[in-house]
Structure formats: C-alpha cells, structure tokens
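Trainee: Here's a sequence, model it:
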Amino acid sequence: MTSMFKSIPIKKITILYTKCCAYIVVLCWCSLAHAEPIQLGMSTSLSGPNQLLGRAMYLGMNALFKEINQQGGIRGRMINLTVLDDGYEPDSVKMNTMQLIDQHKVIAIVGNAGTPTAAIAAPLANARGVVFYGAFTGADLLRKIPPDPYIFNFRASYRQEMELIVQDILDRGISPYRIALFLQDDTLGQTGFDITKAVLEKSGFKHTDRLLVTHYPRNSLAIQSAIKAMIQATPKPEAIIIVGAYQPAAQFIRFSHRIFPNARFYNLSFSAASLLADALPGIHGRIYMTQVVPPAETGSEEQDFIWREGYLAAQVLVKALQSIPGEITGDSLKQALEALGSVNLEGFGTVTLNPGDHQASDHVWLTHLDKTRQWNSVKTTGENN
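Mentor: Numbers count the residues shown, from 1 in each chain. Purely as a prediction, here's the structure:
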C-alpha cells in the first residue's frame, strides 16, 4: 500500500485531496439545502374586529424567525410558520388546529390570539403531543398546577396583571364599592371577573357580590346596556376595569369618559395599547393598561406592544430549538423548553422555564396614556423590573 502511494506524484495526490474535500463540501451543502424545514403553525385572527391583534403577533414572531433563517436556520433547517385565519371564533380554531397538526405536521402551535380560541386549541395540541406556546392570553386555563405537559406561556398571567391594577386602584384611595367591570361576554370576560374577585378578596374586600358587572357580546360594539347600567348605579364608579378587545373598549371609553368625569379606565393587555390609543384621538389622562412587555423607546414598528411580545416570545422558542442536540420533534421541543432554565432577554429581563413552571415571564408594567399618545410606565412587578 505504501509503495503504491510512493509511485504517485505529490502534485497528483494534492489535486485528488482537494477534489475530495470540495466534493464533501458540496455534499454537505446539498444536505443542508434540502433539509426539511421546522414546521410551526399559528391559528389567529386575520379577519374581523380583532384582526390587527393577530397580525401584530404573527408579524412579531415571524420577524424573528426570518432573522434566524437568514443566519442559516437551526443547524441548516429553516423555520416555516404556517398561519391560518380563525377570525377569533372558537369553531374556526378547532378546524385550523387539526389542519395544522394533521396536514402541515407542525411540532408546535404558537402565538394564538385570545382566550376563547386558546380554550379550544390548547387541549387539542396537548392531547396530540404538539407544543402549544406563547399564546396572546394570560388566562388561567393555560396555567394549571402542575402544568399541562405541552402547554407553555411566554407572558405573565392576567391574574398578575389584575393584581397590579387593583393595587393601583386601592393605592389611590378608591373604594372597592366604586369599582365597575366592563367584560367581554365569554371565557375572556369570565376570566377577568374571576381574577378581579379573587384579587379583591385577597386584599380583604369581602363583598365582591356587590361589584357592578356589565358585558358586551364578543366581536361586537354593543355597549349601550353596559353604559346604561353604570349611569343607573349608586354609587357612581370611579374605577372601571375593562376586559375585552380594543374596539369595544375604545367605543365604551369614548362614550363614558364624559359621563363619568372622575373615573379611571383600566385595561388588561389584551385591549392592545397602540390600537386603543389610535382609536381614542384627543382622549387621555385617565386611561391605564397593563403590559407584559416594557414600553419601547423608539417610534419604529417595535413600538407596538403586541409585535414586541411576539418577537420576544419567538426568541425564547428559538433558544429552545437551538439547544436540541438530535431530532427536532414536539417531544424534544417540550423537553428543551423545560430544560431551558433562566435566560436573559436584552431590554426585557430574565425569563425562566422548568418542568414545574411553564410560564417564562412574571413581568408586568402598568402604563398610562399621556397627551402625546405615549404609554408611560407608572408601576411594575416582576424580577429585574
């Protein structure tokens, strides 16, 4: 064998070696180029009254995925996000979820917008071993103890948001008897009522049965009966907690801010800060909203709270994907998310996931709409805030 190589000129050996290396490189490149993409799915509202919520969440998450793909993806595999429109209707989300799992073969469903839709999609994904991650809702139904195996949250819970709202109301000396609620008439609104009741009772208020509770139908602007009930109420409300989408919330505030000149209006993050501010030209000063990401310092697309939530949530998901050493599946992604531990996100703070805690963030900011149409932080909770 040695004598055979001695008879071959060094130059020819060098050329042969170079060609072999080039061939190996080409094979590797072809393998990466033809690697199957990582399939993720999203069922969200792309039509109807809440379409801007779903679009913002999709654009934020997909912006991060595009950045990762431009850098070569996850070990050469591109991230593909398939989005289907559910119009914020539970019937549509069931069909979409099954389509994403059975036809598109997704390993995770991400960024669902809303509590009523998550109530349908999350159990379906969990039962099929598909990760349900980063939904745009803080509802308790996604935060069981112990957690559902395949359900993971990025954002803080509505309960944590409501604790900050109620604390601000009480700190201002407003009596709980002067708190009223304007709620979407579905699981989102019921969640809002349940957590408000629980937080007030935790603070020592024992007469939550005397709270003034009003409703409006989902995907509508039918606010008249709620305003009429508040006008007829005694005593008049001084703090109105709104749990619903931004369009009915804006409609309600437009009509009632003059009727109740001493009332402060508190919104959960689902009301969408940027959209609510745009829908209330000339109205400010007594409008508050909890946020699960901090106010931005720029006037770019990143100013939108929902876009930024999607972008940050996608960062955590990508960190988990990058940590998977072998085959990327729903099971391996679940294990990677549970093994993630504590991670610092620049401009946000520390997030933590482990087998006993499937909610990454506990950060909440209470913001106030000022006359320049900006949301400014007035209170915060959570580590590093």
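Trainee: A156 is in contact with A360, isn't it?
Mentor: No: judged on Cβ atoms under 8 Å, A156 makes no contact with A360 at a distance of 9.1 Å. (C-beta placed from N, C-alpha, C; glycine too.)
Trainee: Domain-wise, how is this structure divided?
Mentor: Per the record, the chain has its domains at 38-156+299-361, 158-291, by automatic domain parsing.
Trainee: Output these in JSON lines, with distance to R373 and mean neighbour count appended to each entry.
Mentor: Below are those laid out as JSON lines (distance: least, Cβ to Cβ, whole Å; neighbours: other Cβ atoms under 10 Å):
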{"stretch": "domain 38-156+299-361", "distance to R373": "11", "mean neighbour count": "20"}
{"stretch": "domain 158-291", "distance to R373": "5", "mean neighbour count": "19"}
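Trainee: doesn't A320 fall inside a strand?
Mentor: No: counting by DSSP: H, G, I helix; E, B strand; the rest coil, A320 is located in no strand; its state is helix.
Trainee: Against P237, how distant is it?
Mentor: 44 Å (Cβ to Cβ, to the nearest Å).
Trainee: same check, this time on H104
Mentor: H104 is 47 Å from P237, by Cβ to Cβ.
Trainee: got it, and E89?
Mentor: 31 Å.
Trainee: One more: N112?
Mentor: Distance of N112 to P237, computed by Cβ to Cβ: 32 Å.
Trainee: Next: Y216.
Mentor: Y216 is 16 Å from P237, by Cβ to Cβ.
Trainee: now Y266
Mentor: Distance from Y266 to P237, by Cβ to Cβ: 11 Å.
Trainee: and if you look at V110?
Mentor: Applying Cβ to Cβ to V110 and P237 gives a distance of 38 Å.
Trainee: Flag the shaky bits of the stretch 51-200 of the chain, pLDDT-wise.
Mentor: For the stretch 51-200 of the chain, no stretch has pLDDT under 70.
Trainee: Helices along that one, start to end?
Mentor: Secondary structure of the stretch 51-200 of the chain, counting by DSSP state H, counting those that start in this stretch: helices at 51-70, 90-102, 115-127, 158-171, 187-202.
Trainee: What is the distance between the last one and the centre of its chain?
Mentor: In this case it means helix 187-202. 20 Å (Cα atoms, centre = their mean, to the nearest Å).
Trainee: Please name the nearest non-neighbouring residue to the most centrally placed residue in the chain.
Mentor: With distances taken as Cα atoms, centre = their mean, F136 lies nearest the centre of the chain, 3.2 Å away. Excluding its sequence neighbours, the residue lying closest to F136 (Cβ to Cβ, 6 or more residues apart in numbering) is A113, at 4.4 Å.
Trainee: do G48 as well
Mentor: G87 (4.4 Å).
Trainee: so who does the one you found touch?
Mentor: G87 makes contacts with 45-48, 51, as judged by Cβ atoms under 8 Å, 6 or more residues apart in numbering.
Trainee: please redo it, this time with the cut-off set to 7 Å
Mentor: 45, 47-48 (Cβ atoms under 7 Å, 6 or more residues apart in numbering).
Trainee: which residues in the stretch 251-385 of the chain form helices?
Mentor: 273-278, 305-322, 330-338.
Trainee: any chance of the ones you listed in JSON lines, with distance to M95 and mean pLDDT too?
Mentor: Listed next are the helices of the stretch 251-385 of the chain as JSON lines, based on distance: least, Cβ to Cβ, whole Å; pLDDT from 0 to 100:
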{"stretch": "helix 273-278", "distance to M95": "27", "mean pLDDT": "90"}
{"stretch": "helix 305-322", "distance to M95": "23", "mean pLDDT": "97"}
{"stretch": "helix 330-338", "distance to M95": "20", "mean pLDDT": "98"}
